[in-house]
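*Asks:* With the input below, show me the fold.
(2 chains)
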Number of protein chains: 2
Amino acid sequence: MKKVCVLLSGGMDSAVLLQHHIHNGDQVRAIAFDYGQRHSCELDRAEMLAASKGVDFVIADVSCMAELLPGSSQTDKNVAVPEGKYDEDSMKATVVPNRNMIMLSIAIGHAIAHKCDAVSYAAHGGDHAIYPDCRPEFADAVNACAQLCDWHKVELIRPFINITKADICQKGNELGVDFARTWSCYQGEDLHCGRCGTCVERREAFYLAGVADPTAYGPSSPTVEQMIQNDWHLPKD
Amino acid sequence: MKKVCVLLSGGMDSAVLLQHHIHNGDQVRAIAFDYGQRHSCELDRAEMLAASKGVDFVIADVSCMAELLPGSSQTDKNVAVPEGKYDEDSMKATVVPNRNMIMLSIAIGHAIAHKCDAVSYAAHGGDHAIYPDCRPEFADAVNACAQLCDWHKVELIRPFINITKADICQKGNELGVDFARTWSCYQGEDLHCGRCGTCVERREAFYLAGVADPTAYGPSSPTVEQMIQNDWHLPKD
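*Replies:* Below you'll find the model as predicted:
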C-alpha cells in the first residue's frame, strides 16, 4: 500500500485516477488548485468527489496566478475561450504559463509534509504534445526535482500516461465513477457549453469509449451527431 | 541587456542582487512571496526596496502554504524559532517543504508571462549544503524544468553562488545598498531579535565583511562582542 497525493481537478480524468488509487488499496489524499480559473465550479466538483470517497482534501489557493501570469483564456476574461476541436493556435490561447510546474511543486510539498510516497496526476497518452509542459521530458525533469528537494523523496507518477482519454473513460465506467459529478467545460457557465475545446474532448471520449455521456449540455450545444459529422469541429451556423 | 526577474525577499542578499542587476544595466522586475511567514515584515521591506529603485514589483500570495505545508517554524506559530548559530537540527526546524521549488516555479511562470530571459536568485556559496533544495543539483534540476515548460525558455541564474554572505555584504556596500532597509529576522517582532539563526548569520556577515551593521537589534540581543567570543553561539545566561 502506497500513500498517494492525487491532483484532483474535478474533471473526468482525475476523478478516474482517484478511483484507480482507491481501487488499488492505496492510502489517498487529494489536492485541487484555485488558480483563478473561470471554470471554478470544477473545484466544487473536486470537493464533492473527494467527500463522496471519504478522502482528505485541500484546495491550494494560488488565485494570484491570474494576475501574475496573465494572458490565458482560462484566467483572463478578456481572452475568449476557443471553441471546436483544438488546433495549435487555440490551444496556445488556453495556456497559463508554467501552471503545471507550479501545481506539481505545491503537490510535492504537500506530499512531503504528509510523508506520502508519490504524487499522482492524470496526464494521458492523448495529451497534446504541443503543450511543452505535458511532454514526458518535462515530467521527468519535475520528477528529478522531487527526488532532490527534500530529505523525504516523493515520486511523481502518471498511471494513465500510456492510455487515451477514451480508455480512461472506459476504465472509470468499469470502476463505477459517477461522471455526472465531474466538470470539464472552460466557460464557467451553469451547464457544460458543449462547444469549447475541452467539452469537445469530453464528448469524443465518451463516444469512442462507447459509454453513455450523462453530461447536461447547454442550449447552444450542437448534438453529438452533428459533431461527429464535422469531425468534432463546430458545425457552421 | 537582459530582462531579469529577481526573487526579492527583503533580506540583505536579494537586496544586493537587485542592485547588482541594476548596476549591470539589466531590465529588472522583482517578485516576492507571501508564504505565511511570521516575519511578513520582510515583504514591506521588499516593496520599499523595489519602489526606491523604480522596479516593477509583485507579491505572489501563496499564504496557503502555511496550511498545506505545516510544521516549519517559519509558518507555524506552534514551532519555536531556533536561536544561536544554526546546526543541523535547528535548520531542519525552519524548513518549509519544497518552498524553493514552489517559489521558483511561480517566478519562472511570471518571467515567461513577461518574456524575461532569466530568473535570478541570491543563493550563495555559504548556503547550507544541509538543505537539499539549496544544493547545486537541485538548482540544475529546476533549471532543466525552466528549459522545458514553455515555448519561451527562461534561464535560472545564481550570480552569487560562488561567493559568501560576507562577500555579498561587501559587494552591497560598494554598490550603495541601504542595508538598514533590509530584513532578516525570522521572529517577526518590531526589531531584529539578534538571536535567531538568521540574525546571527546577518551579524556574522557584517563582521566578516568589515562593514558597519546599521541594524537595530532588540533589547534581549547579545552584543556582537559576546557573539564573537562564543563563536556565534548564544552566550549562556
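*Asks:* drop to CA atoms for contacts and neighbour counts, all remaining ones
*Replies:* Noted.
*Asks:* how much space between A:Ser52 and chain B?
*Replies:* From A:Ser52 over to chain B the distance is 22 Å, taken as CA to the nearest CA, to the nearest Å.
*Asks:* is chain B contacted by the longest strand anywhere in chain A?
*Replies:* Using DSSP state E, we find that the single longest strand of chain A is strand A:27-34. No - counting by CA under 8 Å from any CA of the partner chain, chain B is not contacted by strand A:27-34; separation bottoms out at 9.4 Å.
*Asks:* Who does that strand pair with, and is each partner parallel or antiparallel?
*Replies:* According to DSSP bridges, strand A:27-34 forms sheet pairs with strand A:3-7 (parallel), strand A:56-61 (parallel).
*Asks:* Deepest in the core, which of those is it.
*Replies:* Ranked by average neighbour count under the criterion mean count of other CA atoms under 10 Å in any protein chain shown, the strands paired with strand A:27-34 are headed by strand A:3-7 at a mean of 25.
*Asks:* after it comes which helix or strand?
*Replies:* Past strand A:3-7, heading to the C-terminal end, the next element that is a helix or strand (DSSP states H and E) is helix A:12-23.
*Asks:* what helices or strands is that following helix leaning on?
*Replies:* Using 3 or more CA pairs under 8 Å, 6 or more residues apart in numbering or on different chains; DSSP states H and E as the contact criterion, the elements in contact with helix A:12-23 are strand A:3-7, strand A:27-34, helix A:165-175.
*Asks:* Buried residues in the longest one, which are they?
*Replies:* Burial within helix A:165-175, assessed by neighbour count using 16 or more other CA atoms under 10 Å in any protein chain shown, is assigned to A:Lys165, A:Ala166, A:Asp167, A:Ile168, A:Cys169, A:Gln170, A:Lys171, A:Gly172, A:Asn173.
*Asks:* Out of the helices and strands packed on helix A:12-23, the one nearest A:Trp232 is which?
*Replies:* Each of the helices and strands packed on helix A:12-23 was scored for nearness to A:Trp232 using CA to CA, and the closest is helix A:165-175 (14.6 Å).
*Asks:* what does that closest one contact?
*Replies:* Applying CA atoms under 8 Å, 6 or more residues apart in numbering or on different chains, the set of residues contacting helix A:165-175 from outside is A:12-13, A:15-16, A:19-20, A:23, A:124-126, A:160, A:204-211.
*Asks:* now with 7 Å?
*Replies:* Applying CA atoms under 7 Å, 6 or more residues apart in numbering or on different chains, the contact partners of helix A:165-175 are A:Asp13, A:Val16, A:Gln19, A:His124, A:Gly126, A:Ala205, A:Phe206, A:Leu208, A:Ala209, A:Val211.
*Asks:* In three-state terms, how would the closest residue to the fourth one other than its chain neighbours be classified?
*Replies:* Which is A:His124. Leaving aside its chain neighbours, A:His124 sits nearest to A:Ile161 (4.1 Å; criterion: CA to CA, 6 or more residues apart in numbering or on different chains). Using DSSP: H, G, I helix; E, B strand; the rest coil as the criterion, the local structure at A:Ile161 reads coil.
*Asks:* ok, how many other residues are close to A:Ile161?
*Replies:* 16 (other CA atoms under 10 Å in any protein chain shown).
*Asks:* Pop out the phi and psi values for it.
*Replies:* Main-chain dihedrals, A:Ile161, degrees, to the nearest 10: phi -70, psi -20.
*Asks:* how about it, what does it touch?
*Replies:* By CA under 7 Å, 6+ apart, the contact set of A:Ile161 is A:Ala123, A:His124, A:Gly125.
*Asks:* out of these, who's nearest chain B?
*Replies:* For these, the minimum distance to chain B (CA to the nearest CA) is 14.7 Å, reached by A:Ala123.
*Asks:* Just to check, that closest one is in contact with A:Leu156?
*Replies:* No - the pair A:Ala123 and A:Leu156 does not pass the contact test of CA atoms under 7 Å, sitting 11.2 Å apart.
*Asks:* Tell me the predicted confidence for A:Val119.
*Replies:* In the predicted model, A:Val119 carries a pLDDT score of 98.
*Asks:* related to what we said a few turns ago, of all the helices and strands packed on helix A:12-23, which one is nearest B:Gln187?
*Replies:* Once these are compared by CA to CA, strand A:27-34 is nearest, at 30.0 Å.
*Asks:* quick one: the closest one to helix A:12-23, angle?
*Replies:* 160 degrees (axes from the mean of the first three to the mean of the last three CA atoms, to 10 degrees).
*Asks:* ok now strand A:27-34, how far from the chain's centre?
*Replies:* If you compare the mean C-alpha spot of strand A:27-34 with that of the full chain, they lie 12 Å apart, counting by CA atoms, centre = their mean, to the nearest Å.
*Asks:* now stretch A:35-43
*Replies:* Averaging C-alpha coordinates over stretch A:35-43 and over its chain gives two centres that are 12 Å apart (CA atoms, centre = their mean).
*Asks:* what's the distance between the residue nearest to A:His124 and chain B?
*Replies:* Distance, A:Ile161 to chain B, by CA to the nearest CA: 18 Å.
*Asks:* Against B:Leu175, how distant is that residue?
*Replies:* Taking CA to CA, to the nearest Å as the criterion, A:Ile161 is separated from B:Leu175 by 51 Å.
*Asks:* sec struct for A:Thr198, please.
*Replies:* Three-state assignment for A:Thr198 (three-state DSSP): helix.
*Asks:* Could you do A:Tyr186 as well?
*Replies:* Under the three-state scheme (three-state DSSP), the conformation of A:Tyr186 reads as coil.
*Asks:* What ranges in chain A fall below the confidence cut-off?
*Replies:* Within chain A, the ranges that satisfy pLDDT under 70 run A:71-77, A:79-82, A:84-94, A:127-130, A:236-237.
*Asks:* near chain B, which residues of it show up?
*Replies:* A:60-62, A:64, A:68-70, A:97-98, A:101-102, A:105-106, A:109-110, A:112-113, A:132-133, A:138, A:141-142, A:144-145, A:148-151 (CA under 7 Å from any CA of the partner chain).
*Asks:* Now which of the residues you listed would you call buried?
*Replies:* Neighbour counting over the residues of chain A next to chain B (16+ other CA under 10 Å) leaves A:60-62, A:64, A:68-70, A:97-98, A:101-102, A:105-106, A:109-110, A:112-113, A:132-133, A:138, A:141-142, A:144-145, A:148-150 as the buried ones.
*Asks:* Determine the longest helix present in chain A.
*Replies:* For chain A, the helix that runs over the most residues, judged by DSSP state H, is helix A:99-113.
*Asks:* outside of it, which residues touch it?
*Replies:* So helix A:99-113 is in contact with A:5, A:31, A:119, A:133, A:146, A:152, A:154, B:68-70, B:97-98, B:101-102, B:105-106, going by CA under 7 Å, 6+ apart.
*Asks:* List just the nearest of those residues to A:Cys199.
*Replies:* Of all the contacts of helix A:99-113, the one with the least separation from A:Cys199 (CA to CA) is A:Asp133, at 21.2 Å.
*Asks:* Wait, a helix at that closest one?
*Replies:* Yes - in this structure, A:Asp133 lies within a helix as judged by three-state DSSP.
*Asks:* Other residues contacting the helix or strand containing A:Ala144?
*Replies:* Here A:Ala144, judged by DSSP H and E, is contained in helix A:136-148. In this structure, residues lying in contact with helix A:136-148 by CA under 7 Å, 6+ apart are A:108, A:153-156, B:132-133, B:138, B:141-142, B:144-145, B:148-149.
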